[in-house]
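K.L.:
Got a predicted structure plus its sequence, pasted below:
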Amino acid sequence: MGIIERIKEIEAEMARTQKNKATEYHLGQLKAKIAKLRTQLLEPPKGSSGAGDGFEVTKFGHGRVALIGFPSVGKSTLLTMLTGTHSEAASYEFTTLTCIPGIIHYNDTKIQLLDLPGIIEGASEGKGRGRQVIAVSKSSDIVLMVLDASKSEGHRQILTKELEAVGLRLNKKPPRIYFKKKKTGGISFNSTLPLTHVDEKLCYQILHEYKIHNAEVLFREDATVDDLIDVIEGNRKYMKCIYVYNKIDVIGIDDVDKLARQPNSVVISCNLKLNFDRLLAKMWEEMGLVRVYTKPQGQQPDFTDPVVLSTDRGGCMVEDFCNHIHRNLIKDVKYVLVWGTSARHLPQHCGLGHALHDEDMVQIVKRKEKEEGGRGRFKSHSTDPARISDREKKAPLKT
Ligand SMILES: Nc1nc2c(ncn2[C@@H]2O[C@H](COP(=O)(O)OP(=O)(O)OP(=O)(O)O)[C@@H](O)[C@H]2O)c(=O)[nH]1
Ligand SMILES: [K+]
Ligand SMILES: [Mg+2]
């Protein structure tokens with residue numbers, strides 16, 4: 001029997017099983033079995049190179065956003081409108097057959113937007129081009145789930161289920177469960193609060209299913225069996241997702257209002273070019289990018305060319321900023337001056353561990369050459385930017 005058939009069989013058994021206190025251990029075990037099979041399903045088939053299907057698009061810009069949705073919801077129309085890159089749009093389904101990248105210029109940053117083929121129910125099990133589409137979505141920083149506002153609300157749930165089946169978790173935080181496999185000592189099960197979904201016996205059973213007999217488990221929240229399985233599997237990807245309801249030109253204002261009030265949702269119309277600014281603002285907000293402007297001594301920074309940092313990728317400390325400019329810069333940095341909302345006073349003298357905010361301005365003050373030799377009498381603790389060496393004045397920093 002193939003993996004998919006086995007999943008289907010267990011799902012059928014779960015559907016037959018009544019949910020109550022007596023069956024919860026058995027159901028938990030079945031959930032773990034399914035999770036293990038789905039992980040197997042994600043492993044590339046033996047002997048495949050995995051290359052050459054036209055879906056590998058080089059990353060470009062400061063972030064990557066994937067357009068995911070059923071066929072003909074308007075993904076390609078949206079890509080063309082937001083990026084100017086033409087992607088074929090038509091009234092028939094599966095117009096787009098590959099991954100088409102475009103660039104959004106927003107807030108002096110460049111965001112790569114990816115148009116993708118439509119996916120359908122069963123995509124996670126390999127229907128259509130589902131597997132490739134999902135692989136590309138996993139490589140992006142956030143997902144825009146494009147939905148047809150005139151179609152069933154159920155589409156959002158179906159797509160979410162498909163993405164969950166391959167380990168994507170949308171708009172969720174990783175469960176607060178500490179889990180560590182050990183070599184010996186059995187299972188130690190603890191929690192910092194009363195648990196209502198999982199008890200020691202259930203946890204043992206799930207771990208047993210994974211053939212784990214020595215481990216430390218600490219629940220820091222009232223998590224579910226599914227959360228526990230996610231933590232044990234350890235391969236989940238937690239991503240932000242914006243639900244984009246397109247084609248609001250064909251529905252009534254009351255329905256538009258209802259959709260617009262849902263969490264993480266933006267309503268748009270490509271036909272009427274409606275609400276793109278709101279969509280872009282929301283996208284920007286969710287990406288959490290931090291623009292930092294380099295201020296050369298005695299000059300204004302170049303406000304069109306920020307260093308772009310991200311908490312998810314690499315971090316937003318002064319250290320990350322310096323590494324971004326040059327790999328070897330860090331050892332020459334004496335301190336930095338920071339202007340902006342992260343600074344308590346303007347400018348603030350900060351060390352490498354200072355966390356920068358979006359639109360901060362930074363001036364790097366380097367060590368003097370004499371200091372580098374460690375000769376104490378030349379060490380200056382002055383923080384007066386006016387006393388920076390001539391060498392530094394002559395060589396303004398480049399970003
Ligand atoms: N009424 C209306 N129709 C739209 C809107 N946006 C797109 N469409 C139409 O919807 C149809 C599908 O658009 P596409 O951009 O091809 O959709 P897609 O999601 O890329 O489709 P696939 O590539 O086949 O998955 C086209 O006929 C578009 O003209 C809109 O805002 N309102
Ligand atoms: K289409
Ligand atoms: Mg398309």
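P.N.:
Here it is on my side, so go on. Numbers count the residues shown, from 1 in each chain. Ligands and ions are numbered 1, 2, ... in the order given.
K.L.:
Which residue comes closest to residue 209 once chain neighbours are left out?
P.N.:
Nearest non-adjacent residue to residue 209, counting by Cβ to Cβ, 6 or more residues apart in numbering: residue 32, 4.1 Å away. Every C-beta, even on glycine, is put in place using the N, C-alpha and C of the backbone.
K.L.:
Give me the buried positions along the host helix or strand of the one you found.
P.N.:
Following DSSP states H and E, one finds residue 32 within helix 24-42. Within helix 24-42, the residues scored as buried using 16 or more other Cβ atoms under 10 Å are 24-25, 27-36, 38, 41.
K.L.:
just stretch 224-235 next, same as before
P.N.:
In terms of neighbour count (16+ other Cβ under 10 Å), stretch 224-235 has its buried residues at 224-232.
K.L.:
what sits up against the strand or helix carrying residue 365?
P.N.:
Here residue 365, judged by DSSP H and E, is contained in strand 360-366. If you take Cβ atoms under 8 Å, 6 or more residues apart in numbering as the criterion, strand 360-366 is touched by 290, 292-297, 301, 318, 321-322, 325, 329, 332-343, 347, 356, 385, 388, 392, 397.
K.L.:
what pLDDT does residue 130 get?
P.N.:
Listed pLDDT for residue 130 reads 81.
K.L.:
now residue 323
P.N.:
pLDDT, residue 323: 93.
K.L.:
OK, contacts around it?
P.N.:
Going by Cβ under 8 Å, 6+ apart, residue 323 touches 314, 329-330.
K.L.:
now the angle from the strand or helix carrying residue 8 to helix 24-42?
P.N.:
Assigned by DSSP H and E, residue 8 falls within helix 3-16. Following axes from the mean of the first three to the mean of the last three Cα atoms, to 10 degrees, one obtains 160 degrees for the angle between helix 3-16 and helix 24-42.
K.L.:
and residue 77, how far is that from ligand 1?
P.N.:
Remark: distance between residue 77 and ligand 1 (Cβ to the nearest ligand atom, to the nearest Å) = 4 Å.
K.L.:
returning to that earlier point: which one among the buried residues of helix 24-42 gets closest to ligand 2?
P.N.:
Proximity of these to ligand 2 (Cβ to the ion) peaks at residue 41, which lies at 27.9 Å.
K.L.:
List the strands paired with the longest strand along the chain, with their directions.
P.N.:
Longest strand of the chain, by residue count under DSSP state E: strand 237-246. If you go by DSSP bridges, strand 237-246 pairs up with strand 142-148 (parallel), strand 168-170 (parallel), strand 265-267 (parallel).
K.L.:
Any idea which of the ones you listed gets closest to ligand 1?
P.N.:
Ranking the strands paired with strand 237-246 by proximity to ligand 1 (Cβ to the nearest ligand atom) places strand 142-148 first, at 6.4 Å.
K.L.:
picking up where we left off before, the strand holding residue 365: how far from the chain's middle?
P.N.:
Here the centre of strand 360-366 is set off from its chain's centre by 29 Å, with Cα atoms, centre = their mean, to the nearest Å.
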